[in-house]
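Asker: Quick one, fold the following:
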Amino acid sequence: MNQDKFDFIANVSIVVGFSIYVVGAVLSIALMNLGLGVAGLAWLSKKIKNCDFKLPSTPYNKYILFFLVALGLSFIDSLNVANSLDDFKRLWVPILLFYIVVDTEPSLKVIKNWFIVLFLTMSGSIIYSFWQYQQGINRVHGNIFVMEFASLLVFMAIYTFVYALLGKIRLRYKLLLAVTSISAMISLIFTQTRGAWLALLSSLAIVLLLEDKKYLVWFLVIVVLFITIVPSILPQQHIDRFISIFDVEDNNSNVTRITLWQGSLLIYQDHWVNGVGLNNFSDVIRRPDYLLREIVSDTHAHNVLLQLAAETGTLGVISFIVLFGVIIWSLYSYYQAAEENHLKLFFLGTLGVIVAYLSHGLTEYNLYDMYVSRLVWFILAISLVLKTKFGLIMESD
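Answerer: Below you'll find the predicted structure:
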């Protein structure tokens, strides 16, 4: 088989693999893994056949390397290497996904079709969540874990909100996107995830501030009206759930979070160089020196930065902050440089998604959530592909 034909088959296989991935991206781990497996094997075969073992050049390469090296250093004196290896896989797989997409450079038509599929599957999940609510399920979750479903709802709400408000599109599409955004927000209420709501509000506030300050003013007015009116509409359990945000003495969830945050800082003080090793937090936090009071859960620190501090030390925290700081600045630069409306709003929406992802990470450890982290890096890869295809030139380029 000649080289051009092999490359063509490999590229088609990669696109097919990611097409399977996007079908499962909000529905099924099995479909996700199948799609990524097909895409990964095709990409690796192409690399070996061409004797090309270089990763594509991106603005994030050295920062990703810094982050991965910091994670690697946490293996030194790790309290449980097997645990650390399992956790490391969850962190590097989304990054590998990112490089495969960037290296493949899918066409605009393929990218459009991928996002249509994501929109349809997520819309189906929202409808399913309404059915779950009608069936009396206390916290709707679509077809996945409730916290990840909440994050995906936030992402959906951000993109559809941005395009409904600012998109230069036909009125019927604006109405469709507006209804979808509102539906995602209602479903988010039914998940009863407080941190996700705070992440959504903070993200939308920043997005609107970047676009036009007057939008932010109206947004704040609407939020105040929402908080004033909604309690008279929602069932008492949802109102109580919201009010519980401010209860830091009797609410078990809040007390647990605060205790875990305090314990994380104590662990960091004792292991500030390279931490106790990935995925060892839950074993260490139970030690008497770190557990200041009884808690209802010790799986993770409920905060990305504090868990990284405890498990990977100073370098882990710094490398993560630097990496996502560069990502946010790059997306903002792309947003500023883009002139075409749809493209500009995609970068603005993606910036909002990253802000929401990081904001939610202040109350939840979402760094290795399979659905969320993979989708985040997939979207980041698409952003770079679009930046290249539209020839956007930044000052740093």
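
Asker: Could you pull up the residues touching Val304?
Answerer: For Val304, the set of contacting residues under the criterion of Cβ atoms under 8 Å, 6 or more residues apart in numbering consists of 320, 358, 361-362, 365-367. From N, CA and C alone the C-beta is placed, and that goes for glycine too.

Asker: So which bits of the top helix by length along the chain are buried?
Answerer: Counting by DSSP state H, the longest helix found in the chain is helix 304-337. By neighbour count on 16 or more other Cβ atoms under 10 Å, the buried set for helix 304-337 is 304-320, 323-324, 326-327, 330-331, 333-335, 337.

Asker: picking that back up, out of the contacts of Val304, which are buried?
Answerer: 320, 358, 361-362, 365-367.

Asker: Go through those and say which is closest to Lys5.
Answerer: Distance from Lys5 was checked for each of the buried ones among the contacts of Val304 by Cβ to Cβ. The minimum falls on Leu367, at 40.5 Å.

Asker: Tell me the pLDDT of the closest residue to that closest one other than its chain neighbours.
Answerer: Leaving aside its sequence neighbours, Leu367 sits nearest to Val304 (Cβ to Cβ, 6 or more residues apart in numbering; 5.2 Å). pLDDT, the model's per-residue confidence, is 95 for Val304.

Asker: what's the answer for Ser244, then?
Answerer: pLDDT for Ser244: 62.

Asker: Please apply the same query to Ser84.
Answerer: Per-residue confidence for Ser84 comes out at a pLDDT of 89.

Asker: Quick check, it in contact with Asn280.
Answerer: Yes. With the criterion set as Cβ atoms under 8 Å, Ser84 and Asn280 qualify as a contacting pair; they are 6.8 Å apart.

Asker: Show me whatever sits in contact with both of the two.
Answerer: Taking Cβ under 8 Å, 6+ apart as the contact rule, Ser84 and Asn280 both touch Ser78.

Asker: what stretches of the stretch 101-250 of the chain score poorly on pLDDT?
Answerer: Counting by pLDDT under 70, the ranges of the stretch 101-250 of the chain that qualify are 230-232, 234, 236-250.

Asker: all helices of it, in order?
Answerer: Here the stretch 101-250 of the chain has its helices, by DSSP state H, counting those that start in this stretch, at 108-134, 146-166, 171-191, 194-211, 213-229, 236-243.

Asker: For Pro59, the count of nearby residues, please.
Answerer: Using other Cβ atoms under 10 Å as the criterion, Pro59 is surrounded by 16 other residues.

Asker: Would you confirm that it contacts Leu323?
Answerer: No. At 10.8 Å, Pro59 does not count as touching Leu323 under the criterion of Cβ under 8 Å.

Asker: Let me see the contact set for Leu348.
Answerer: 162, 166, 207, 210-211, 335.

Asker: Can you convert the residues you listed into a markdown table and add a column each for distance to Ile186?
Answerer: Output for these, formatted as a markdown table (distance: Cβ to Cβ, whole Å):
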| residue | distance to Ile186 |
| --- | --- |
| Val162 | 18 |
| Leu166 | 22 |
| Val207 | 20 |
| Leu210 | 26 |
| Glu211 | 24 |
| Tyr335 | 28 |
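
Asker: between those residues, which is nearest Ser253?
Answerer: Each of the contacts of Leu348 was checked against Ser253 using Cβ to Cβ; the closest is Val207, at 28.4 Å.

Asker: quick one: contacts for the closest one?
Answerer: For Val207, the contacting residues are 158, 162, 348-349, 351-352, 355, taking Cβ under 8 Å, 6+ apart as the criterion.

Asker: so of those residues, which ones are in helices?
Answerer: Applying DSSP H to those, the entries found in helices are 158, 162, 348-349, 351-352, 355.

Asker: right, and the pair among those residues with maximum separation?
Answerer: Comparing all pairs in the ones in helices among the contacts of Val207 by Cβ to Cβ, the longest separation belongs to Val162 and Val355, at 12.3 Å.

Asker: Tell me which of the two has more neighbours.
Answerer: Counting neighbours by other Cβ under 10 Å for Val162 and for Val355 shows that Val162 has the greater number, 25 against 22.

Asker: Could you check how far the residue nearest to that one when sequence neighbours are not counted is from Lys54?
Answerer: Nearest-residue entry for Val162: Gly349, 4.4 Å, with adjacent residues in sequence omitted and distances by Cβ to Cβ, 6+ apart. Taking Cβ to Cβ, to the nearest Å as the criterion, Gly349 is separated from Lys54 by 31 Å.
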